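Trainee: Would you be able to build a 3D model of this:
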Amino acid sequence: MRKPPDKRLHAWRADRADIALKGRVRAAEFVTGMPAVVVDPVVDLKAAPQPDAEAVSQVLLGETLNVFERKDGWCWVQADRDRYVGYMPATGLAGIAEPATHVVTVPRTYAYSKADLRSPTVMGCSMGSRLRIVEMTETRGTAYALLPDGSALIAAHLRPLGFQFDDYVDVASMFLETPYLWAGKSGFGFDCSGLVQLSMLMCGQSAPRDSDMQAASLGQPIGPDGLQRGDLVFWDGHVGIMEDTGTMLHASGHAMRVVRESLSDAIDRIARLYGRPTAYRRP
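Mentor: This next block holds a predicted model:
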């Protein structure tokens with residue numbers, strides 16, 4: 001029997017499904033997703049359309065997605081970046097108008113009400129957020145990038161869309177001491193696979209959302225010997241990034257933050273509760 005599509009990556013329920021899945025799944029109705037864009041800084045994707053439902057991932061400002069249902073203030077969506085499916089408040093979405101022009105390239109930054117760092121902040125933005133910049137200006141020697149509503153970000157914190165860092169390990173290290181957050185994938189909080197995904201994204205590398213997906217598909221499988229910078233070490237439900245031959249970066253639920261840790265220490269500590277590594281891969 002053919003295995004059904006993973007519901008984390010395919011929008012389908014018994015009552016409704018993405019029309020692209022017609023013939024692959026059974027559903028009472030097949031619909032075409034309507035394009036939309038995220039307008040809040042960071043939005044949780046939920047397992048169900050209710051505030052107290054478990055968060056399964058996040059989407060960032062400027063991300064595009066497809067909406068398959070709007071009901072009772074919630075939207076059932078699939079993100080374009082990583083194909084992840086979940087529920088989010090309808091207030092976090094808008095129709096796609098003018099395309100984004102720039103991406104945030106620092107871990108976190110602020111948008112100010114006007115082009116002056118002394119003015120009130122209107123939102124925080126994570127690395128990877130996409131924005132439409134309409135003008136550049138300068139105040140007291142600091143360059144600002146203006147959004148369509150007149151609010152402004154520090155221009156040095158942005159790059160034109162398409163910018164890529166060279167080394168995803170360098171990107172991951174920028175988030176040291178960032179809080180651990182279940183389902184997090186922003187500069188305000190990460191889970192282990194979210195750190196891998198955003199760091200790779202900023203280098204133009206595509207990575208699945210969850211650690212089991214990454215362990216099954218990222219790069220090539222390797223053995224535990226001869227690990228090098230950029231290799232990934234997987235446990236059941238966890239992943240770390242090798243910074244060098246013996247040190248790992250990871251969003252640790254034990255430390256509750258992104259940390260640098262000896263691989264041997266991590267293996268010994270994690271083994272007591274969850275077992276030893278299950279896979280090693282080289283992206």
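
Trainee: Check the gap between the residue most central in space within the chain and residue 138 for me.
Mentor: Centre of the chain computed as the mean C-alpha position; nearest residue by Cα atoms, centre = their mean is residue 185, 3.8 Å away. Taking Cβ to Cβ, to the nearest Å as the measure, residue 185 falls 33 Å from residue 138. For the C-beta atoms, the positions are set from N, CA and C on the backbone; glycine is no exception.

Trainee: For residue 107, grab the count of nearby residues.
Mentor: Counted with other Cβ atoms under 10 Å, the neighbours of residue 107 add up to 18.

Trainee: now swap in the one 10 residues further on and tell me
Mentor: A count of neighbours around residue 117, defined by other Cβ under 10 Å, yields 13.

Trainee: With adjacent residues omitted, what lies nearest to it?
Mentor: Nearest non-adjacent residue to residue 117, counting by Cβ to Cβ, 6 or more residues apart in numbering: residue 142, 6.7 Å away.

Trainee: any idea of the pLDDT on the one you found?
Mentor: Per-residue pLDDT puts residue 142 at 98.

Trainee: and it, how far is that from residue 48?
Mentor: Taken as Cβ to Cβ, the span from residue 142 to residue 48 is 44 Å.

Trainee: Which stretches in the protein count as helices?
Mentor: Remark: helices assigned in the chain by DSSP state H are 168-173, 192-201, 211-217, 263-274.

Trainee: Pick the most deeply packed of those helices.
Mentor: Ranked by mean neighbour count, those are led by helix 192-201 with a mean of 26 (mean count of other Cβ atoms under 10 Å).

Trainee: does residue 107 really touch residue 126, like I thought?
Mentor: Yes. If you go by Cβ atoms under 8 Å, residue 107 and residue 126 touch, sitting 7.4 Å apart.
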